[in-house]
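**Student:** For reference, the sequence and a predicted model appear below.
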Amino acid sequence: MNNELKRTIYKNVMLFFAYAATLATVLVVGFIIAYVFIRAIPHFSWQLLSTKPSYINETIGVLPDILNTIYIVIATLVFVLPLGVGAAVYLSEYAKNIKIKKVIEYAIESLAGIPSIIYGLVGMLVFCQYFGLKTSLLAGALTLTIMNLPTIIRTTQESLDSVPASYREGSFGLGANKWYAIRTVVLPCCIDGIVTGCILAVGRMLGESAALLFTAGFAHKVNGFIDALSSSGSTLTVALYVYAKEQGRFDVAFVIAAIMLFMSLLINFTASKLSKKIQNKRY
Amino acid sequence: MKFNKSLMSVICGCAIGLSSAANAGSVITDGSTSMEKVMGILIESFEGNGIDVTYNPTGSGSGISAVQAGRADIGLSSRALKDQEKQTLVGTDIAYDGIVLVVNKANPLSDITSEQVKDLYTGKIQNWKEVGGADAPVVLIGREAGSGTRDGFESVTGTKDACKYRQELTSTGDVITTVSQNANALGYASLSAVNDSIKVLSFNGVVASEESVLDKSYKLQRPFVFVTPKDKALSQDAQTFVDYALSAEAKPLIVKAGVVPAAK
Amino acid sequence: MKLKKHQECTDKIATVVFTSLGYLNIVFVAVICLYLVVSGIPAIGKIGFVDFIFGTKWASTSTVPSFGILPFILTSIYGTLGAILIGLPLGFFCSVYLAKFAPLKIKQFVESTVDLLAGIPSVVFGFIGMLVLVPGIQSIFDVPDGSSLLAAILVLSIMILPSIIKVSIGSIEAVPNEYELGSLALGANKVETVYKVVVPAARRGIGVAVVLGVGRAIGEAMAVMMVAGNVANMPGLFESVRFLTTAVASEMSYSAGLQRQALFSIALVLFVFIMVINALLNLVLKERGKKK
């Protein structure tokens, strides 16, 4: 009887922990989302979203931050896509020596593990000072490029590896050389995987702040794309930090936080829809 | 893929080329967080000249570093240059600012003497009741080590290297925010950054204002300095901006920011 | 003929390009490593290894500066340990529920919630921590100021939850069905089976999850900067503290001379910590691979 009782207690206690932990996790997330949105909604205004801050009129607007965020994402994608897809193609299609392949993959794993503050530090020294780019969005984009290489490489490599060997062999059989086969047969199959990798990377970029503090700066000017690259500008995350911590403008901070949460939701949703589509494609 | 790569190199070349070209029409300023309002107003009213001025609030020490390292055209410091810095840099005063002691709105104090400030910040007095406040521990808020505001505060009150901070924050606005959220906090901040979320104490009986800073009766003050390299001439655009800041038309704007213009 | 030659040429170029892109990654890591080591070693030499790593006083800008980083090292270690202490049980039990007990709809819902948590930027965590946790700690524990190690631990534990949960779910689900069926056939009920048979079989993967969480926690700067107070004290639960990451972040922009070099040395120490953790991760993964 004692044993039965012990087992029942064990079962109930462990089940309870499992339920409780899950509930707690969901509640925490729910609280964060609700808190941010509830406190942000009263402050949403078209003026806040579409103007830049004015000291003379004593108003605040986050348009420059939104634009800077978009610019930096585009600039980073322009760099990281060729570098990342290229490296993945090498690893998947060209690398013959297993040892070298392992070394490169270890290098990529290491890149993924380095904290963003160290990227910011090295980025500041290498891109802002050594390459003379000063504090600019371009320096920030280059730093983000190296940070997001692992994500792009991994997802691209996965989708390249999942292309059946028969595709390549068929292509060779028809007389194509390697590059031709990759370009016309293998890569087009992987577009979905590459796009998923892009979306994941964009999600990471949007949330990045430590790496951008020293490389991209804090300015709030509304610029066209090319101008913006060469001048400093704060992205939404950096702006959130500055408005919340250094200026105590919590209303603006909540609005920015709400925008970020919304973008996060959007990205998660798109990424999951895409991966489902890829999974359904696999026959 | 090939198209992608050539596109990338074109964009890269453009960006790098344009960044060096665009620098000709841009002025990068970097430094003191206390100067945020002043710089904000000056930059905004300077617009329309075709010159792009940006401001990075990183702290006085950081701004001086940035100018020395060539990362910025003009460094912004809210303290006078040290002798060692004067060897390679030149400082131009553009305004004078008061450093005010701030407490939470719930705090009953309204004045504080330099003696009390020294005792409080060095930890000799640890409870508000010893200076006439509530029976609660004092929470000391200050700035990071490179801050011009901290340097000014510690030199005038004679508390250099002796302050026992509970928090070291990286901007003047942050000090104000933190003090406004903690009933037992005591902090120091730039007069130009003050708002009505906190209470400003008078120092030795003198209330901080443009007048008392100008006639030096408010002792806790320091200059706002434009820091530029000694040996290298400023770019024409940067020089234009500096001249503008010192001009007569900038004076009312500087006053609007809450500080005293240095230009006579 | 011309077409074939042209194709051969582009093929060769393509090979070169891709190969160099592959090797480029090694170059990146090597450059980062080299840069940190070259910038970080001089200060350690000047200050003295023992004085640097084990010195308890950090006063980089005093007239007589001292550069002991033990407070930062201990704070990072305690902070990470604290985060794991809270995050691991929470994440573990949650993943057990999701992998083994949850109905499909609930599982999908909670998993998307966890994905959302993973996507929230660290500044937002820091912001909410600043507005909710810090005043909360101040009033619940009756301390003069809530910015403390405890606040940082709480924020960090929530931030590492997603990685712990996701990886744990993966490894629990990877345990072969036979283990579970065998245990049930022997008379154990489902709960006992899960906790006493499936989970121990998945423990390597859960170990991986912990290491990932540790890596994330030790490298976090922004969120911690907003809630921990930022004074170079030896760590105490309610003390205002500075982590290795925030030590670098807060003084880097204005540092000069030996102070600046010392900051690089801190970054180097942090980097070494991370590399060790990564190596540990690889070791655990390799053993897992071997066992299969």
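**Tutor:** Perfect, thanks for sending it. Fair warning: this is a prediction, and the values are worked out from it, not measured in the lab.

**Student:** Contacts only, for residue A:198.
**Tutor:** Contacts for residue A:198 (C-beta atoms under 8 Å, 6 or more residues apart in numbering or on different chains) come out as A:77, A:81, A:152. C-beta here means a position set from N, CA and C on the backbone, and glycine is covered the same way.

**Student:** same thing but 7 Å
**Tutor:** By C-beta atoms under 7 Å, 6 or more residues apart in numbering or on different chains, the contact list for residue A:198 reads residue A:77.

**Student:** any idea how far residue B:256 is from residue C:110?
**Tutor:** 53 Å (C-beta to C-beta, to the nearest Å).

**Student:** Helix or strand: which one has residue 80?
**Tutor:** Went with chain A since none was named. Here residue A:80 sits within helix A:63-89, counting by DSSP states H and E.

**Student:** I was after chain C.
**Tutor:** helix C:70-96.

**Student:** can you check residue A:194 too?
**Tutor:** helix A:187-206.

**Student:** Can you name the element that comes right after the helix or strand harbouring residue A:33?
**Tutor:** Following DSSP H and E, one finds residue A:33 within helix A:2-40. Once the chain leaves helix A:2-40, the next helix or strand it forms, by DSSP H and E, is helix A:46-50.

**Student:** measure the residue of chain C found nearest chain B to residue B:232 for me?
**Tutor:** Proximity of chain C to chain B (C-beta to the nearest C-beta) peaks at residue C:254, 2.8 Å away. Using C-beta to C-beta, residue C:254 is found at 21 Å from residue B:232.

**Student:** Run the contact check for the helix holding residue C:80 versus chain A.
**Tutor:** Yes: figure legend: helix C:70-96 in contact with chain A (C-beta under 7 Å from any C-beta of the partner chain); contacting residues C:90, C:93, C:94, C:96.

**Student:** From those, pick the one nearest residue C:238.
**Tutor:** residue C:90 (22.2 Å; C-beta to C-beta).

**Student:** Quick check: closest non-adjacent residue to residue B:125.
**Tutor:** residue B:119 (4.4 Å; C-beta to C-beta, 6 or more residues apart in numbering or on different chains).

**Student:** Please report how far the one you found lies from residue B:243.
**Tutor:** Taking C-beta to C-beta, one finds residue B:119 at 45 Å from residue B:243.

**Student:** between these two, who's got more neighbours?
**Tutor:** The neighbour comparison of residue B:119 against residue B:243 (other C-beta atoms under 10 Å in any protein chain shown) goes to residue B:119, with 16 against 10.

**Student:** element containing the more buried one, please.
**Tutor:** helix B:114-122.

**Student:** strand partners of the helix or strand just after that helix, parallel vs antiparallel please.
**Tutor:** Past helix B:114-122, further along toward the C-terminus, the next helix or strand under DSSP H and E is strand B:139-143. Partners of strand B:139-143 in the sheet, by DSSP bridges, are strand B:167-169 (parallel), strand B:185-190 (parallel).

**Student:** what does the stretch 1-150 of chain C put close to chain B?
**Tutor:** When proximity is defined as C-beta under 7 Å from any C-beta, the stretch 1-150 of chain C approaches chain B at C:60, C:61, C:62, C:63, C:135, C:144, C:145, C:147.

**Student:** rerun that using 6 Å as the cut-off
**Tutor:** Residues of the stretch 1-150 of chain C found near chain B (C-beta under 6 Å from any C-beta of the partner chain) are C:61, C:62, C:144, C:145, C:147.
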